[in-house]
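Novice: Provided below for reference: sequence and predicted model.
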Amino acid sequence: MNNAKIKVYLISPSRQDQRSKWTRETFTALVASYHLLDSGYEIVEDASLSDLIIFTDSGYLPHGYSVLLNRLFRKYHHKYFVYDENDFANNWYRGINVSGCKSQSSHTLTCGGAYVRDISTRSNSLDFPEKELHLFSFVGAAETHPVRERLRDLCVDYGCFYDVPRSVTESVFQAGSGTSKQRLINNMENICQSSLFVLCPRGMGVSSMRLFEVMRMGRCPVIISDEWIEPFGPDWASCSIRIPENQLNNIHSILSIKKPFARELGEKARMEWETWFAPNRHFKTTVQASLYLYSMPNSKTMSLRRLLRTVFSKSNLRVSFRYIRQRLEFKTNLA
């Protein structure tokens, strides 16, 4: 693509109703991010004039089938991309998959990504603690994955673990008042303020919104998720620490060794967040990641027949059934 400006058509396949309000916020956030850019890109109102068509979410049907049934996807499948924050990985379509699983994804189809919606009002990073209260900490729901439950037990001796049930978080952020929402955010920031490192374990999906919140606050994220795909952009080795899920028992010794570098890693994490994931950068990063995938071999010549074979393959249908089963199990546990 040699255009002076990259022309982008944004679309959300989700219904415009109250239940889809949270999902459709990604569309709003990307448009807002676009308006903070200086130049180089243009959002167009006509899909036929675009260089890229970006679905800002995977829709209301399980496993992204809303995209498959969309007329623009069928007509322009050669230039479509999907930005997907779904906790359950979609591995058949091309795009930025925040919780894409490494073992189930193709590098020619999938990039890792960050969460677009901006839930914090903080603009500056947290001051680094002069006196360490916690070597590491975590604020979030332990119930969403066994890795988090194991961390909760470990933090009794070595760190701070503040367990916030998922039902509480969902009710506050989807229907709660601004006051209750800010109270949760302030509590998380206060704990991170007194920590050298902040744990970012996987939850229901292989990624975690906490990771990007931590980078924003100027702390080094400790990523614990074997299936996580690094999002497009940052030099992750210079601004984060990866710990395999089977090494949780060694987390104290691993982070103790890294302790002298905590401030430097945190400052670098903030710089990478400002470059790639700040509100004025999300749109550009999403488009750049899409262009990267567009440059992959055979990406532009992918036939619709080949795509349909991928969608309805045994392995992909197995993932779809797992998605439905896990959603039902989670709702049963909350009941």
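Specialist: Now that the structure is in, tell me what you want to look at.

Novice: For the stretch 1-150 of the chain, which segments count as helices?
Specialist: 21-34, 65-69, 71-75, 146-158 (DSSP state H, counting those that start in this stretch).

Novice: So which residues make contact with the first one?
Specialist: If I follow you right, that is helix 21-34. By C-beta atoms under 8 Å, 6 or more residues apart in numbering, the residues outside helix 21-34 that reach it are 8, 10-12, 14, 16, 41, 43, 54, 56-57, 60, 83, 85, 116-118, 173-174, 279-284, 286. Using the backbone N, CA and C atoms, a C-beta is placed for each residue, glycine as well.

Novice: By neighbour count, which bits of stretch 47-64 are buried? Give me those.
Specialist: 47, 50-59, 62-64 (16 or more other C-beta atoms under 10 Å).

Novice: In CSV, list the C-alpha atoms belonging to it.
Specialist: Written as CSV, here are the backbone C-alpha positions of stretch 47-64 (Å, rounded to 0.1, in the frame of the first residue of the first chain):
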residue,chain,number,x,y,z
ALA,A,47,-15.9,0.4,2.7
SER,A,48,-15.3,0.2,-1.0
LEU,A,49,-12.8,3.1,-0.8
SER,A,50,-10.9,1.7,2.1
ASP,A,51,-7.5,0.0,2.2
LEU,A,52,-8.4,-1.9,5.3
ILE,A,53,-11.7,-2.9,6.9
ILE,A,54,-11.3,-3.4,10.7
PHE,A,55,-14.1,-5.1,12.7
THR,A,56,-13.7,-3.6,16.1
ASP,A,57,-15.1,-6.7,17.9
SER,A,58,-16.0,-10.2,17.1
GLY,A,59,-19.8,-9.7,17.4
TYR,A,60,-22.6,-11.2,19.5
LEU,A,61,-22.4,-14.8,18.1
PRO,A,62,-20.0,-17.3,19.7
HIS,A,63,-16.4,-17.4,18.4
GLY,A,64,-16.7,-14.6,15.9
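
Novice: give me the number of residues near the closest residue to residue 54 other than its chain neighbours?
Specialist: Nearest non-adjacent residue to residue 54, counting by C-beta to C-beta, 6 or more residues apart in numbering: residue 81, 5.0 Å away. Residue 81 has 24 neighbouring residues, counting by other C-beta atoms under 10 Å.

Novice: next one: residue 241
Specialist: Neighbourhood size, residue 241 [other C-beta under 10 Å]: 22.

Novice: Could you check how far the residue sitting furthest away from the middle of the chain is from residue 194?
Specialist: Computed with C-alpha atoms, centre = their mean, the residue of the chain farthest from its C-alpha average is residue 131, at 31.6 Å. As judged by C-beta to C-beta, to the nearest Å, residue 131 and residue 194 stand 8 Å apart.

Novice: how much space is there between the residue nearest to residue 54 and residue 205?
Specialist: Counting by C-beta to C-beta, the gap from residue 81 to residue 205 is 19 Å.

Novice: Next: residue 153.
Specialist: Distance of residue 153 to residue 205, given as C-beta to C-beta: 22 Å.

Novice: where in the stretch 51-200 of the chain is pLDDT low?
Specialist: Where the stretch 51-200 of the chain drops to pLDDT under 70, the residues are 118-122, 169-179.

Novice: cutoff 50 now
Specialist: Filtered on pLDDT under 50, the stretch 51-200 of the chain yields no residues whatsoever.

Novice: Now do the strands in it.
Specialist: Using DSSP state E, counting those that start in this stretch, the strands found in the stretch 51-200 of the chain span residues 52-55, 80-84, 95-97, 110-111, 134-140, 160-163, 195-201.

Novice: Go through these and name the closest to residue 74.
Specialist: strand 80-84 (9.5 Å; C-beta to C-beta).

Novice: Pull up the pairing partners for the closest one, direction included.
Specialist: The strands beside strand 80-84 in its sheet (DSSP bridges) come out as strand 52-55 (parallel), strand 95-97 (parallel).

Novice: Could you export these as TSV, including distance to residue 77?
Specialist: Output for the strands paired with strand 80-84, formatted as TSV (distance: least, C-beta to C-beta, whole Å):
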stretch	distance to residue 77
strand 52-55	9
strand 95-97	12
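
Novice: which residues touch residue 193?
Specialist: Per C-beta under 8 Å, 6+ apart, neighbours of residue 193: 126-127, 129.

Novice: are any of these buried, and which?
Specialist: The buried subset of the contacts of residue 193 - by 16+ other C-beta under 10 Å - is 126, 129.

Novice: With distance to residue 268 added, can I get the contacts of residue 193 in a markdown table?
Specialist: Shown next, in a markdown table, are the contacts of residue 193 (distance: C-beta to C-beta, whole Å):
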| residue | distance to residue 268 |
| --- | --- |
| 126 | 15 |
| 127 | 16 |
| 129 | 17 |
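
Novice: Tell me the predicted confidence for residue 22.
Specialist: On pLDDT, residue 22 comes in at 80.

Novice: Appreciated, that's everything.
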